[in-house]
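Visitor: only geometry, no sequence info:
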């Protein structure tokens with residue numbers, strides 16, 4: 001599986017939040033697909049743990065995007 005990752009550099013916090021949401025949705029879909037293809041030992045039907053809500057994934061990714069953009073303060077001070 002080849003995945004092309006976008007740059008985390010965005011022009012403002014709103015764009016960063018949108019990017020975080022898009023990445024979180026892609027990640028959640030990939031996790032669901034991977035979870036459906038897992039074989040259980042001996043054919044047993046063990047319950048899988050609940051999935052992480054997209055809002056939590058998005059908030060973690062937004063923190064990483066904010067760090068990558070230095071909190072957007074450097075660009076805003078140059079304007």
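Guide: It's in. Values in this document were obtained by computation on a predicted structure and should not be read as measured data.
Visitor: List the buried residues of the longest helix along the chain.
Guide: Among all segments of the chain classified by DSSP state H, the helix with the greatest residue count is helix 13-36. Neighbour-count burial for helix 13-36 flags 16, 17, 19, 20, 21, 23, 24, 28 (criterion: 16 or more other CB atoms under 10 Å). All C-beta spots, glycine's among them, are computed from the backbone N, C-alpha and C.
Visitor: Touching, the fourth one and residue 54? I think so.
Guide: No: here residue 20 lies out of contact with residue 54, judged by CB atoms under 8 Å, at a distance of 10.0 Å.
Visitor: Grab the most central residue of the chain for me.
Guide: Computing the C-alpha centroid of the chain and ranking residues by CA atoms, centre = their mean puts residue 24 first, at 3.1 Å.
Visitor: so the host helix or strand of residue 55 versus helix 13-36, what angle?
Guide: Following DSSP states H and E, the helix or strand that holds residue 55 is helix 54-68. Calculated by axes from the mean of the first three to the mean of the last three CA atoms, to 10 degrees, helix 54-68 forms an angle of 130 degrees with helix 13-36.
Visitor: List the buried residues for helix 54-68?
Guide: Of the residues in helix 54-68, those buried by neighbour count under the rule 16+ other CB under 10 Å are 57, 58, 61, 62, 65, 66.
Visitor: Would you agree the second one is in contact with residue 24?
Guide: Read it as residue 58. Yes: checked against CB under 8 Å, the pair residue 58 and residue 24 is within contact range at 3.9 Å.
Visitor: same question for stretch 16-24, mean pLDDT?
Guide: For stretch 16-24, mean pLDDT is 96.
Visitor: Likewise for stretch 63-70?
Guide: Per-residue pLDDT values over stretch 63-70 give a mean of 95.
Visitor: and the buried residues of helix 54-68 as CSV, adding distance to residue 72?
Guide: Converted to CSV, those look like this (distance: CB to CB, whole Å):
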residue, distance to residue 72
57, 21
58, 18
61, 16
62, 12
65, 10
66, 8
